[in-house]
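[1] Based on what follows, work out the 3D shape:
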Amino acid sequence: MLSWLLAEPRADAVRESLSEAEVILASELTLIECDRALITAATTGRLSEGEAAGGHSLLRRVAAHWVILSLDPEIVERARRPFPVEPIRALDALHLAYALFARSLVPETELLSLDQRVRATGKELGLEVVPT
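    Here you go, the predicted structure:
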């Protein structure tokens, strides 16, 4: 998501994955991380205040059409246990736990990530990982 919002090199691949999805399930954590990244980009000068405001607005508009998953005790418990590829950072463990939870709701759930360790772990957990 950050690649897309910050117009990074793989933004088009992320945008394409999002546009092909029938339903987008995202975590509260994803929204927090995106908003925090936009704030950081503005305060460090990577984005202007106007560009960051535009990013926040875009995120709010598109996320209004997503299913937002709340932090649940089941997700926290799964994030606290080992993953097939370690080490995994705490926030990545939460993202992976959210993905597993989402798959329990929608079996054809795909994990959208550009992070290589998250992608490798997702594959080990049997998740389809996009973009390819």
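
[2] okay, CA-based contacts and neighbour counts for the rest of this
    Noted.

[3] can you give me the helices for this structure?
    2-5, 11-20, 28-43, 49-63, 73-79, 90-105, 116-124 (DSSP state H).

[4] How far does the last one sit from its chain's centre?
    Distance, stretch centre to chain centre, for helix 116-124: 13 Å (CA atoms, centre = their mean, to the nearest Å).

[5] Let's see that helix as CSV, backbone CA atoms only.
    Extracted C-alpha coordinates of helix 116-124, given in CSV (Å, rounded to 0.1, in the frame of the first residue of the first chain):
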residue,chain,number,x,y,z
GLN,A,116,10.4,-10.2,0.6
ARG,A,117,10.4,-11.7,4.1
VAL,A,118,6.6,-11.2,4.4
ARG,A,119,6.1,-12.6,0.9
ALA,A,120,8.3,-15.7,1.7
THR,A,121,6.5,-16.3,5.0
GLY,A,122,3.1,-15.8,3.3
LYS,A,123,4.0,-18.4,0.7
GLU,A,124,5.1,-20.8,3.5
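
[6] pLDDT score assigned to the residue nearest the centre of the chain?
    The residue lying closest to the centre of the chain (CA atoms, centre = their mean) is residue 30, at 4.9 Å. Predicted confidence (pLDDT) for residue 30: 96.
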